[in-house]
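Engineer: generate coordinates for the sequence data below:
(one chain, ligands or ions: 2)
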Amino acid sequence: MADTVTRSGTTSPGLLASLDPLLREWLPRQRWFAGKGRPVTGFSLVTATELLPPLGRLGLYHLLVRAHQPGSAGDCYQLLIGVREALPPRLAPALIGHVASGPLTGRTVYDALYDTRPAELLLEALRTRARIGALRCDRDPGQEIRAGLVPRLMTAEQSNSSLVYGDTFILKLLRRVVPGVNPDLELPLALAREGCPRVPAPTAWMHADVDDDTYVVGVLQPFVQGATDGWELALRELAKGEDFVAEARALGRATAEVHGALARALPTATLGAAQIQPLVDGMVVRLDAAARAVPALRPYAPALRTAFSALADLAAEGHTWTAQRVHGDLHLGQCLRAPSGQWSLIDFEGEPARPLAERRMPQPAVRDVAGMLRSFDYAASCADPPVPGWAHACRSAYCAGYAEVSGTDPRTDPVLLRALETDKAVYEVVYEARHRPDWLSVPLSAIHRLAADLP
Ligand SMILES: Nc1ncnc2c1ncn2[C@@H]1O[C@H](COP(=O)(O)OP(=O)(O)O)[C@@H](O)[C@H]1O
Ligand SMILES: O=P(O)(O)O[C@H]1O[C@H](CO)[C@@H](O[C@H]2O[C@H](CO)[C@@H](O)[C@H](O)[C@H]2O)[C@H](O)[C@H]1O
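Structural biologist: Ligands and ions are numbered 1, 2, ... in the order given. Predicted structure coming up:
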């Protein structure tokens, strides 16, 4: 690969100027674009690496670009831009546009993740630990990567983009990137070191080095073949009127296994009043912001605040909690069930909208439990006709499974659980209002229950 790759630089400024009008139109339409609802007013280049020169049939650029928007410094996105004379019909969905000015005038540019050759180049770069321009690949020497695996782009609704190679590996290319240690690589690596089998161990990874900053831009891991995610499975069982108790219990056990391994692998902390107060303050700030953004939440805000103040009160009385690294955005869709029945947890990025430093802070492990409990509630809300008691049975089984492995039933700390479930439901209200307004009633019905402090 090295001989087909040249370090970029000279063409980059002209390159971005010529892409600018096309990206302004294309970027906001992408599922993974985080700045929805605000116009993109321009771009600046963070780094550009020419992977294939645009002289032949196919040119290829790896870019990190900052998209400027009113009211923020602008998020940085990873783009893999292909350049061709014209797009074959199979690449029509990848079209970004036709360049009207600058060094690529007259050429067609497109999202190269849809294209076989660029996807192959990425795997080859990881396999060979390539260093190309800003890109630096590394891999686990203990795992073999066979050359020549056939790539396909996943079509699932995602916050990032993933390529599957021969049903053997999956490469997640992070779209919105921030400099620093990314928990989506950090935690699976730590779990692999602990020998935890509940999380696919990273096989290889790619960084972009820009001045003093390092961005994690891609993580390759074994593909769990024939897996079904917990959300799909739960909906399937609900549609048949079947309970999900055995799976919920297995998920509780899997979550506790992962928590145990994370607590062994990475620092833990004790949270007393001094540490709980900022945590509670954060919950209140998020609630207030959510109530400003979503008017339907406002009538519940005073009652919801009592869930948070009760936690602060308990801390003031001298109660302490253990904090550790957690998944941070655990829900049924982040759990994969292999045909063997084994569960794996994926996507350790945390809630994407939160600052990285916050996502990497030790927290009560019950935060993940609260996420899963909310998820059973979500699934039950989708059932038509409703299956009475389904969510309650799953929630109980999940907590019981968690207790079997960890020795602690999350329900024995109802104040913490209610605060964290409330915080999650508030997050979901904002998430749904922003991304899926038709679903807003799902977290709002939980808000109604939590505000009344009902089980
Ligand atoms: N190791 C894996 N094996 C099989 N499928 C996977 C694996 N990792 C992710 N997936 C699939 O890819 C989808 C997206 O992965 P995820 O890490 O959640 O990405 P995102 O952060 O973009 O949401 C998952 O919902 C799952 O269907
Ligand atoms: O998987 P992501 O990291 O992109 O997570 C985001 O999207 C999720 C929806 O796809 C969202 O999850 C919410 O909806 C799920 C059902 O679709 C439900 O199972 C979850 O419990 C609920 O929170 C997640 O909150 C968001 O961060």
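
Engineer: so Leu54 is in which element?
Structural biologist: Quick fix: residue 54 reads Pro, not Leu. Using DSSP states H and E, Pro54 is not contained in any helix or strand.

Engineer: okay, which residue is most central for the chain?
Structural biologist: Closest to where the C-alpha atoms of the chain average out (Cα atoms, centre = their mean) is Glu349, at 4.7 Å.

Engineer: ok, it - contacts?
Structural biologist: Taking Cβ atoms under 8 Å, 6 or more residues apart in numbering as the criterion, Glu349 is in contact with Ser159, Leu174, Asn182, Pro183, Asp184, Gly328, Asp329, Arg359. For the C-beta atoms, the positions are set from N, CA and C on the backbone; glycine is no exception.

Engineer: need phi/psi at it.
Structural biologist: With angles defined as degrees, to the nearest 10, Glu349 sits at phi -70, psi -20.

Engineer: and the pLDDT for it?
Structural biologist: You'll see Glu349 listed with a pLDDT of 95.

Engineer: for Phe376, same thing?
Structural biologist: Phe376 is given a pLDDT of 98.

Engineer: doesn't Cys399 make contact with it?
Structural biologist: No - in this structure, Phe376 is not within contact of Cys399 by Cβ atoms under 8 Å, at 10.6 Å.

Engineer: if we can go back for a sec, just the ones of the contacts of Glu349 in helices?
Structural biologist: Pro183, Asp184, Arg359 (DSSP state H).

Engineer: ignoring the adjacent residues along the chain, who's closest to the single nearest residue of the stretch 251-400 of the chain relative to ligand 1?
Structural biologist: Going by Cβ to the nearest ligand atom, ligand 1 is nearest to Asp347 of the stretch 251-400 of the chain, at 3.5 Å. Distances taken as Cβ to Cβ, 6 or more residues apart in numbering put Gln334 closest to Asp347, at 4.9 Å, once the chain neighbours are dropped.

Engineer: for Gln143, same thing?
Structural biologist: Thr203 is the one closest to Gln143 (Cβ to Cβ, 6+ apart), at 4.6 Å.

Engineer: coming back round to it: just give me the closest of the ones in helices among the contacts of Glu349 to Thr268.
Structural biologist: Among those, Pro183 lies closest to Thr268 (Cβ to Cβ), at 15.7 Å.

Engineer: can you pull the buried residues of stretch 26-44?
Structural biologist: Trp26, Leu27, Pro28, Trp32, Phe33, Ala34, Gly35, Val40, Phe43 (16 or more other Cβ atoms under 10 Å).

Engineer: now that stretch, how far from the chain's geometric center?
Structural biologist: 18 Å (Cα atoms, centre = their mean, to the nearest Å).

Engineer: swap in stretch 193-201?
Structural biologist: 18 Å.

Engineer: identify the residues contacting that stretch?
Structural biologist: With Cβ under 8 Å, 6+ apart, stretch 193-201 has contacts from 140, 143, 187-189, 191-192, 221-224, 254, 257-258, 261-262, 264-265, 342-346, 348.

Engineer: export only the CA atoms of that stretch, formatted as CSV.
Structural biologist: Extracted as CSV, the C-alpha positions of stretch 193-201 are listed here (Å, rounded to 0.1, in the frame of the first residue of the first chain):
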residue,chain,number,x,y,z
ARG,A,193,-6.7,-7.4,29.1
GLU,A,194,-8.9,-8.6,31.9
GLY,A,195,-10.0,-11.6,29.7
CYS,A,196,-13.6,-10.6,29.8
PRO,A,197,-15.4,-12.6,27.0
ARG,A,198,-18.6,-10.4,27.0
VAL,A,199,-17.0,-7.7,24.8
PRO,A,200,-15.4,-8.3,21.3
ALA,A,201,-11.7,-7.6,21.8
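
Engineer: can you report phi and psi for the closest residue to ligand 2 within the stretch 51-200 of the chain?
Structural biologist: In the stretch 51-200 of the chain, the residue found nearest to ligand 2 is Ser159; the distance is 4.0 Å by Cβ to the nearest ligand atom. Main-chain torsions, Ser159, degrees, to the nearest 10: phi -80, psi -20.

Engineer: would you confirm that it contacts Arg175?
Structural biologist: Yes - counting by Cβ under 8 Å, Ser159 touches Arg175, with 7.1 Å between them.

Engineer: ok, and what's touching stretch 429-446?
Structural biologist: For stretch 429-446, using Cβ under 8 Å, 6+ apart, the contacting residues are 36-37, 289-290, 293-294, 296-297, 374, 377-378, 381-382, 421, 425-426, 428, 447.

Engineer: should've said stretch 99-117
Structural biologist: So stretch 99-117 is in contact with 11, 14-15, 17-19, 21-22, 54, 58-60, 79-87, 91, 93-98, 118-119, 150-151, 153, 161, 163, 173, going by Cβ under 8 Å, 6+ apart.
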